[in-house]
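Participant: Quick one, fold the following:
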Amino acid sequence: MRSDQLKVQKKKKRVYSVLLILAILILAGSVYATYLFLSANDFLNSIQGDDLPETSMNAEEKIVLTNKDPFSVLLLGVDKRPGDVGRSDSIMVATINPETEDVRLLSIPRDTRVTLPSGKIDKINASYAYGGIPLTVETVENLLQIPIHYYAQINMQGLVVLVDALGGITVDSPLEFDVQDINDVEGKIHIDKGLQKLNGDQALGYARMRYEDPQGDWGRQKRQREVVTEIIDETISINSLTNFSKIFKAVGPNVTTNFNSRDLWAIATNYSTAANNIKTLQLEGEEVYEYFPSYGQDVFVWKLEENKLVQLQQELRGHLNLDQITQSNSSSLDSTNSLEARSEYIP
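Facilitator: Next comes the predicted model:
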């Protein structure tokens, strides 16, 4: 009888021990999750940028993320150094639709010839130098005929610190090349062809090289998207969880966004499945040299094919559940266009 009681007591002790261990693990996990949440909140506060000014585009359609409304985000990689205003080195627009559970991702070549809101003809990357995020957003809205709801900007020099904080990223380079004048690194940065791990300086060189790529700016955009994807994968991996503080400190001084914690929570809750299906779009056109009075010389630009641009506008508007458009008689790419020459909406 006594032996049975001892067995029961030992069994209870084992159960209590297991429950205690589980309780400790749960408590530790809760504390760690709370720490990450508070760190994330502090991080978001540190990178909070200005709200977007109201434009003719974003004023017409107000979105509510908790209602699972489709939304758009402008992603900017900016080449900005001390004492320099900077220009947008990488421009991407993503539209996210939780109903169709997919994403449209468009890379806009930085040399794209556009009409700025002032009526001046210039390359699209100059819009950041002239008016920062607000002018860039308005220029992109006018080009694509969609509202921009959110933006996220990263200083390309900050990419070096972020990649190093992650312990490097792995890429699969389609070609072998050397890059010079990257982040004040002496000599050349060499990139091998094939699968390899890159540190921060190498990743920046890999993302920015252009002239040695047979595909020109298109090849460069593909490599930039690869680097961004790898950074995201590394950031959310289990290996990086214990390194979040270091990552936050690396990213904080180099990122600006108008997303807040509530927005990101709504996106994580309602839009996560859309990230599994990304369709890449591109602006079709041709490489030309055109005389720009402001430059006083012929300038290399990517001149868009208007019919293809209209098709792209329609696709993006459809993905955001917006009405389709019909072009006005004047070309939206014509340098003689006035500010009044806008697309008309089909009721």
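Participant: OK, contacts around Asn191?
Facilitator: For residue 191 the amino acid is Ile, not Asn. 173, 176-179, 198, 202, 205-206, 209 (Cβ atoms under 8 Å, 6 or more residues apart in numbering). Yep, even glycine has a C-beta here, placed from its N, CA and C like the rest.
Participant: And Asp122, by the same measure?
Facilitator: 113-114, 116, 130, 292, 294.
Participant: what does Gln282 give?
Facilitator: Contacts of Gln282 (Cβ under 8 Å, 6+ apart): 106-107, 218.
Participant: do Leu312 as well
Facilitator: 106, 144, 281, 283.
Participant: Residues touching stretch 294-305, excluding its own?
Facilitator: Contacts of stretch 294-305 (Cβ under 8 Å, 6+ apart): 109, 111-113, 120, 122-123, 217, 283-292, 333.
Participant: returning to that earlier point: for ChimeraX, write the selection for the buried entries among the contacts of Asp122.
Facilitator: Buried residues among the contacts of Asp122 (16 or more other Cβ atoms under 10 Å), as a ChimeraX selection:
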select :113,114,116,130,292
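Participant: and which of the contacts of Asp122 is nearest Phe71?
Facilitator: Val114 (22.9 Å; Cβ to Cβ).
Participant: And the closest residue to the closest one other than its chain neighbours, how far from Val301?
Facilitator: With Cβ to Cβ, 6 or more residues apart in numbering as the criterion, Val114 has its nearest non-adjacent residue at 4.8 Å, and that residue is Ile124. Separation of Ile124 from Val301 (Cβ to Cβ, to the nearest Å) stands at 9 Å.
Participant: before we move on, what about Asp122?
Facilitator: With Cβ to Cβ as the criterion, Asp122 and Val301 are 9 Å apart.
Participant: likewise Leu74?
Facilitator: 21 Å.
Participant: Likewise for Asp217?
Facilitator: 11 Å.
Participant: Identify the contacts common to Ile124 and Val301.
Facilitator: With Cβ under 8 Å, 6+ apart as the test, Ile124 and Val301 both reach 111-113.
Participant: For stretch 170-178, which residues meet the burial criterion?
Facilitator: 171, 173, 177.
Participant: for the second one, what are its contacts?
Facilitator: Taking Cβ under 8 Å, 6+ apart as the criterion, Ser173 is in contact with 191-194, 196, 206, 223.
Participant: Mind pulling up the pLDDT for it?
Facilitator: Note for Ser173: predicted pLDDT of 92.
Participant: do the one 10 residues further on as well
Facilitator: Per-residue confidence for Asn183 comes out at a pLDDT of 56.
Participant: Repeat that for Arg342.
Facilitator: pLDDT, read off for Arg342, is 33.
Participant: coming back round to it: so the residue nearest to Val114 is in contact with Ile108, correct?
Facilitator: Yes - between Ile124 and Ile108 a contact is recorded at 6.1 Å, counting by Cβ atoms under 8 Å.
Participant: Spit out the residues that contact those two alike.
Facilitator: Common neighbours of Ile124 and Ile108 (Cβ under 8 Å, 6+ apart) are 91, 140, 143.
Participant: Restricted to strands, list these.
Facilitator: Under the assignment DSSP state E, the shared contacts of Ile124 and Ile108 contribute Ile91 to strands.
Participant: just the shared contacts of Ile124 and Ile108 now: which is nearest Gly252?
Facilitator: For the shared contacts of Ile124 and Ile108, the nearest to Gly252 is Ile91 (22.6 Å; Cβ to Cβ).
Participant: how many neighbours does the closest one have?
Facilitator: 24 (other Cβ atoms under 10 Å).
Participant: What residues are bridge-paired with the closest residue in space to Ile278 that isn't next to it in sequence?
Facilitator: For Ile278, ignoring the flanking residues on the chain, the nearest one in space by Cβ to Cβ, 6+ apart is Val103 at 4.6 Å. Counting by DSSP bridges, Val103 is bridged to Ile96, Ile278.
Participant: Hmm, Met92 and Val103 touching each other?
Facilitator: No - using Cβ under 8 Å, Val103 is not in contact with Met92; the gap is 11.1 Å.
Participant: List the residue ranges of the stretch 1-150 of the chain that fall below the pLDDT cut-off.
Facilitator: Residues of the stretch 1-150 of the chain meeting the criterion pLDDT under 70: 1-41, 43, 60-61, 80-87.
Participant: show me where it has helices.
Facilitator: With DSSP state H, counting those that start in this stretch, the ranges of helices along the stretch 1-150 of the chain come out as 2-47, 126-144.
Participant: next structured bit after the shortest one?
Facilitator: Using DSSP states H and E, the next helix or strand after helix 126-144 towards the C-terminus is strand 150-155.
Participant: quick one: pLDDT of Ser330?
Facilitator: 36.
Participant: same thing with Leu283?
Facilitator: Looking at Leu283, its pLDDT is 92.
Participant: now the one 10 residues further on
Facilitator: What the model reports as pLDDT for Pro293 is 81.
Participant: likewise the one 3 residues further on?
Facilitator: On pLDDT, Gly296 comes in at 84.
Participant: returning to that earlier point: need the buried residues of stretch 170-178 in CSV with distance to Leu135 and secondary structure, can you?
Facilitator: Converted to CSV, the buried residues of stretch 170-178 look like this (distance: Cβ to Cβ, whole Å; DSSP: H, G, I helix; E, B strand; the rest coil):
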residue, distance to Leu135, secondary structure
Val171, 33, strand
Ser173, 35, strand
Phe177, 34, strand
